[in-house]
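Visitor: here is a sequence with its predicted model. Questions after.
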Amino acid sequence: MINKAHTTIDQSEIDHFSQIASEWWNPQGKFRPLHQFNPTRLAYIKEKICLEFDRNPMSLTPFEGLRILDIGCGGGLLCEPMARLGATIIGADASQTNIEVAKTHAIQSGLSIDYRATTAETLADEEEQFDVILNMEIVEHVADVNLFISATAKMLKPQGLMFVATLNRTWKAWGLAIVGAEYILRWLPKGTHDYKKFLKPQELKKLLSQNTLTVIDEIGITYNPLNDSWNRSKDMDVNYMLLAKRFK
(Lines give C-alpha, C1' and ligand atoms only; values in the text may rest on other atoms or scores of the structure.)
Protein backbone atom coordinates (compact mmCIF):
# COMPACT_ATOMS: atom_id res chain seq x y z
CA MET A 1 0.00 0.00 0.00
CA ILE A 2 1.37 3.42 -0.99
CA ASN A 3 1.75 5.81 1.94
CA LYS A 4 -1.03 8.35 1.45
CA ALA A 5 0.77 10.83 3.70
CA HIS A 6 2.86 11.58 0.63
CA THR A 7 1.84 12.49 -2.88
CA THR A 8 3.33 12.92 -6.32
CA ILE A 9 1.07 15.91 -6.94
CA ASP A 10 2.69 19.31 -7.31
CA GLN A 11 -0.34 21.59 -7.42
CA SER A 12 1.57 24.46 -9.01
CA GLU A 13 2.55 22.16 -11.88
CA ILE A 14 -1.04 20.97 -12.32
CA ASP A 15 -2.32 24.55 -12.32
CA HIS A 16 0.32 25.57 -14.86
CA PHE A 17 -0.60 22.86 -17.37
CA SER A 18 -4.33 23.18 -16.75
CA GLN A 19 -4.17 26.85 -17.75
CA ILE A 20 -2.74 25.99 -21.16
CA ALA A 21 -4.65 22.73 -21.71
CA SER A 22 -6.53 24.11 -24.72
CA GLU A 23 -3.17 24.26 -26.55
CA TRP A 24 -2.42 20.52 -26.42
CA TRP A 25 -3.46 19.72 -29.99
CA ASN A 26 -2.20 22.92 -31.63
CA PRO A 27 1.06 21.92 -33.39
CA GLN A 28 2.11 25.58 -33.57
CA GLY A 29 1.03 26.40 -30.02
CA LYS A 30 2.60 26.17 -26.59
CA PHE A 31 3.27 22.44 -26.97
CA ARG A 32 5.00 22.79 -30.34
CA PRO A 33 8.22 21.07 -29.14
CA LEU A 34 6.24 17.99 -28.07
CA HIS A 35 4.55 17.80 -31.47
CA GLN A 36 7.95 18.13 -33.13
CA PHE A 37 9.75 15.36 -31.28
CA ASN A 38 6.74 13.08 -30.89
CA PRO A 39 7.54 11.16 -34.12
CA THR A 40 11.08 10.46 -32.90
CA ARG A 41 10.05 9.13 -29.51
CA LEU A 42 7.13 7.20 -31.06
CA ALA A 43 9.47 5.45 -33.48
CA TYR A 44 11.76 4.47 -30.60
CA ILE A 45 8.89 3.21 -28.44
CA LYS A 46 7.43 1.16 -31.30
CA GLU A 47 10.81 -0.32 -32.20
CA LYS A 48 11.60 -1.42 -28.64
CA ILE A 49 8.13 -2.77 -27.83
CA CYS A 50 8.10 -4.83 -31.03
CA LEU A 51 11.60 -6.13 -30.26
CA GLU A 52 10.96 -7.03 -26.62
CA PHE A 53 7.48 -8.49 -27.13
CA ASP A 54 8.37 -10.18 -30.44
CA ARG A 55 5.81 -8.23 -32.47
CA ASN A 56 5.82 -7.62 -36.21
CA PRO A 57 6.65 -3.92 -36.74
CA MET A 58 5.06 -4.10 -40.20
CA SER A 59 1.68 -5.00 -38.69
CA LEU A 60 -0.93 -2.25 -38.54
CA THR A 61 -1.69 -3.20 -34.92
CA PRO A 62 1.52 -4.63 -33.41
CA PHE A 63 0.50 -3.61 -29.88
CA GLU A 64 -2.73 -5.63 -29.89
CA GLY A 65 -3.17 -7.43 -26.56
CA LEU A 66 -0.77 -5.14 -24.70
CA ARG A 67 -2.00 -3.03 -21.79
CA ILE A 68 -0.17 0.30 -21.77
CA LEU A 69 -0.25 3.14 -19.25
CA ASP A 70 0.68 6.69 -20.24
CA ILE A 71 1.09 8.43 -16.88
CA GLY A 72 1.03 12.22 -17.07
CA CYS A 73 -0.64 11.89 -20.45
CA GLY A 74 -1.59 15.54 -20.83
CA GLY A 75 -3.86 15.99 -23.83
CA GLY A 76 -3.18 12.49 -25.19
CA LEU A 77 -0.41 13.11 -27.73
CA LEU A 78 1.05 9.65 -27.06
CA CYS A 79 -2.16 7.84 -26.15
CA GLU A 80 -3.75 8.28 -29.56
CA PRO A 81 -0.94 6.69 -31.60
CA MET A 82 -0.71 3.87 -29.03
CA ALA A 83 -4.43 3.20 -29.54
CA ARG A 84 -4.02 3.24 -33.32
CA LEU A 85 -1.26 0.63 -32.97
CA GLY A 86 -3.73 -1.66 -31.23
CA ALA A 87 -2.88 -1.18 -27.56
CA THR A 88 -5.37 -1.14 -24.72
CA ILE A 89 -4.28 2.29 -23.51
CA ILE A 90 -4.97 4.00 -20.21
CA GLY A 91 -4.10 7.69 -20.10
CA ALA A 92 -3.76 9.15 -16.60
CA ASP A 93 -3.18 12.75 -15.58
CA ALA A 94 -3.64 14.62 -12.30
CA SER A 95 -5.23 17.53 -14.19
CA GLN A 96 -8.95 17.08 -14.82
CA THR A 97 -8.71 19.84 -17.44
CA ASN A 98 -6.06 17.92 -19.39
CA ILE A 99 -8.17 14.77 -19.23
CA GLU A 100 -11.25 16.56 -20.59
CA VAL A 101 -9.22 17.88 -23.52
CA ALA A 102 -7.84 14.38 -24.16
CA LYS A 103 -11.29 12.77 -23.99
CA THR A 104 -12.79 15.28 -26.41
CA HIS A 105 -10.00 14.83 -28.95
CA ALA A 106 -10.19 11.03 -28.74
CA ILE A 107 -13.91 11.16 -29.48
CA GLN A 108 -13.27 13.47 -32.43
CA SER A 109 -10.62 11.03 -33.66
CA GLY A 110 -12.89 8.00 -33.28
CA LEU A 111 -10.59 6.33 -30.75
CA SER A 112 -11.45 4.34 -27.63
CA ILE A 113 -9.08 5.43 -24.84
CA ASP A 114 -9.55 4.98 -21.11
CA TYR A 115 -8.67 8.42 -19.72
CA ARG A 116 -8.58 8.93 -15.95
CA ALA A 117 -7.98 12.00 -13.79
CA THR A 118 -5.82 10.28 -11.20
CA THR A 119 -2.27 9.79 -9.90
CA ALA A 120 0.35 7.07 -10.07
CA GLU A 121 0.00 6.25 -6.39
CA THR A 122 -3.78 5.90 -6.68
CA LEU A 123 -3.46 3.53 -9.63
CA ALA A 124 -0.85 1.52 -7.71
CA ASP A 125 -3.19 1.27 -4.72
CA GLU A 126 -5.85 -0.08 -7.09
CA GLU A 127 -3.34 -2.80 -8.05
CA GLU A 128 -3.41 -1.95 -11.74
CA GLN A 129 -0.93 -3.92 -13.88
CA PHE A 130 0.53 -3.04 -17.26
CA ASP A 131 2.78 -4.53 -19.93
CA VAL A 132 4.25 -1.12 -20.76
CA ILE A 133 4.40 2.13 -18.80
CA LEU A 134 5.23 5.44 -20.44
CA ASN A 135 6.72 8.03 -18.07
CA MET A 136 7.34 10.68 -20.68
CA GLU A 137 8.39 14.19 -19.64
CA ILE A 138 6.68 13.71 -16.27
CA VAL A 139 9.32 12.89 -13.64
CA GLU A 140 10.56 16.50 -13.71
CA HIS A 141 7.07 17.73 -12.81
CA VAL A 142 6.12 15.54 -9.83
CA ALA A 143 6.43 16.53 -6.17
CA ASP A 144 8.08 13.28 -5.02
CA VAL A 145 10.05 11.47 -7.71
CA ASN A 146 10.95 8.57 -5.39
CA LEU A 147 7.27 7.89 -4.70
CA PHE A 148 6.43 8.31 -8.37
CA ILE A 149 8.98 5.74 -9.57
CA SER A 150 8.01 3.38 -6.75
CA ALA A 151 4.30 3.63 -7.61
CA THR A 152 4.79 3.15 -11.35
CA ALA A 153 7.24 0.27 -10.85
CA LYS A 154 4.66 -1.58 -8.74
CA MET A 155 2.30 -1.55 -11.71
CA LEU A 156 4.70 -3.13 -14.20
CA LYS A 157 4.16 -6.80 -15.01
CA PRO A 158 7.09 -9.26 -15.08
CA GLN A 159 8.94 -8.83 -18.41
CA GLY A 160 7.23 -5.44 -18.72
CA LEU A 161 8.85 -2.30 -20.10
CA MET A 162 9.04 1.21 -18.67
CA PHE A 163 10.08 4.15 -20.84
CA VAL A 164 11.25 7.25 -18.96
CA ALA A 165 11.97 10.50 -20.79
CA THR A 166 13.19 13.60 -19.00
CA LEU A 167 15.82 16.36 -18.89
CA ASN A 168 19.37 16.03 -17.62
CA ARG A 169 20.50 18.31 -14.80
CA THR A 170 23.32 20.02 -16.68
CA TRP A 171 24.14 23.63 -17.44
CA LYS A 172 23.58 22.78 -21.10
CA ALA A 173 20.02 21.65 -20.32
CA TRP A 174 19.42 24.76 -18.24
CA GLY A 175 20.64 26.96 -21.09
CA LEU A 176 18.70 25.22 -23.85
CA ALA A 177 15.54 23.89 -22.17
CA ILE A 178 14.87 26.82 -19.85
CA VAL A 179 16.70 29.98 -20.99
CA GLY A 180 16.50 29.15 -24.69
CA ALA A 181 13.14 27.37 -25.01
CA GLU A 182 11.19 29.41 -22.42
CA TYR A 183 12.73 32.89 -22.43
CA ILE A 184 14.41 33.44 -25.79
CA LEU A 185 12.62 31.30 -28.39
CA ARG A 186 9.35 31.28 -26.38
CA TRP A 187 8.70 27.68 -27.44
CA LEU A 188 7.36 26.94 -23.97
CA PRO A 189 5.59 29.10 -21.37
CA LYS A 190 7.90 30.61 -18.77
CA GLY A 191 8.02 28.44 -15.68
CA THR A 192 7.38 25.17 -17.51
CA HIS A 193 10.54 23.64 -16.04
CA ASP A 194 12.26 23.78 -12.66
CA TYR A 195 15.98 23.04 -13.01
CA LYS A 196 16.15 21.59 -9.49
CA LYS A 197 13.78 18.81 -10.57
CA PHE A 198 15.94 17.68 -13.49
CA LEU A 199 17.56 14.26 -12.96
CA LYS A 200 20.93 13.00 -14.11
CA PRO A 201 20.77 9.62 -15.89
CA GLN A 202 22.72 7.89 -13.13
CA GLU A 203 20.26 9.21 -10.52
CA LEU A 204 17.30 7.92 -12.49
CA LYS A 205 19.01 4.57 -13.09
CA LYS A 206 19.57 4.22 -9.35
CA LEU A 207 15.89 4.91 -8.63
CA LEU A 208 14.82 2.34 -11.21
CA SER A 209 17.27 -0.23 -9.85
CA GLN A 210 15.99 0.31 -6.31
CA ASN A 211 12.57 -0.68 -7.65
CA THR A 212 13.81 -3.91 -9.29
CA LEU A 213 13.93 -2.48 -12.81
CA THR A 214 16.96 -2.91 -15.07
CA VAL A 215 17.89 -0.28 -17.65
CA ILE A 216 18.39 -2.07 -20.97
CA ASP A 217 18.79 0.91 -23.29
CA GLU A 218 19.32 4.66 -23.29
CA ILE A 219 19.28 7.38 -25.93
CA GLY A 220 19.51 11.13 -26.20
CA ILE A 221 17.14 13.23 -28.30
CA THR A 222 18.70 16.32 -29.82
CA TYR A 223 17.40 19.26 -31.82
CA ASN A 224 18.89 20.15 -35.21
CA PRO A 225 18.20 23.84 -35.93
CA LEU A 226 19.36 23.47 -39.54
CA ASN A 227 16.34 21.39 -40.51
CA ASP A 228 14.14 22.11 -37.47
CA SER A 229 14.02 18.46 -36.46
CA TRP A 230 14.56 16.19 -33.44
CA ASN A 231 16.67 13.05 -33.78
CA ARG A 232 18.02 10.17 -31.74
CA SER A 233 21.52 10.79 -30.47
CA LYS A 234 24.22 9.54 -28.11
CA ASP A 235 24.18 13.02 -26.57
CA MET A 236 22.16 12.79 -23.35
CA ASP A 237 23.18 16.21 -21.99
CA VAL A 238 19.69 17.69 -22.44
CA ASN A 239 16.80 15.39 -23.43
CA TYR A 240 17.22 11.68 -22.82
CA MET A 241 15.22 8.46 -22.55
CA LEU A 242 15.85 5.33 -20.51
CA LEU A 243 14.24 1.98 -21.21
CA ALA A 244 13.90 -0.29 -18.18
CA LYS A 245 12.61 -3.85 -17.87
CA ARG A 246 11.26 -5.93 -15.02
CA PHE A 247 12.84 -9.35 -15.39
CA LYS A 248 10.91 -11.00 -12.55
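Guide: Arrived safely. Residues are numbered from 1 along each chain as shown.

Visitor: and residue 219, its phi and psi?
Guide: When quoted as degrees, to the nearest 10, the phi and psi of residue 219 stand at phi -140, psi 160.

Visitor: so it bridges to which residues?
Guide: Assessed by DSSP bridges, residue 219 has beta-bridge partners residue 241.

Visitor: burial check on it, number of neighbours?
Guide: 21 (other Cβ atoms under 10 Å). (C-beta placed from N, C-alpha, C; glycine too.)

Visitor: surely it meets residue 236?
Guide: Yes: counting by Cβ atoms under 8 Å, residue 219 touches residue 236, with 7.5 Å between them.

Visitor: where in this protein is pLDDT low?
Guide: Within the chain, the segments meeting pLDDT under 70 span 1-5, 179-189, 191.

Visitor: what ranges do the strands span in it?
Guide: Per DSSP state E, the chain carries strands over the ranges 67-71, 88-93, 114-117, 130-136, 156-167, 214-224, 229-233, 239-245.

Visitor: dump the ones you listed to TSV, plus distance to residue 6.
Guide: Below are the strands of the chain laid out as TSV (distance: least, Cβ to Cβ, whole Å):
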stretch	distance to residue 6
strand 67-71	17
strand 88-93	18
strand 114-117	19
strand 130-136	18
strand 156-167	20
strand 214-224	25
strand 229-233	34
strand 239-245	22
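
Visitor: beta partners for the most centrally placed residue in the chain?
Guide: Centroid-nearest residue in the chain: residue 136, 1.3 Å away (criterion: Cα atoms, centre = their mean). Assessed by DSSP bridges, residue 136 has beta-bridge partners residue 165.

Visitor: nearest to residue 48, out of the strands of the chain?
Guide: Of all these, it is strand 239-245 that lies closest to residue 48, at 5.7 Å by Cβ to Cβ.

Visitor: got a list of contacts for the longest helix anywhere in the chain?
Guide: Using DSSP state H, we find that the single longest helix of the chain is helix 32-52. With Cβ atoms under 8 Å, 6 or more residues apart in numbering as the contact definition, helix 32-52 has outside contacts at 26-27, 55-57, 62-63, 66, 74, 77-78, 81, 85, 132, 134, 136-137, 159, 161, 163, 165, 181, 187-188, 217, 219, 221, 223, 228-232, 239, 241, 243, 245.
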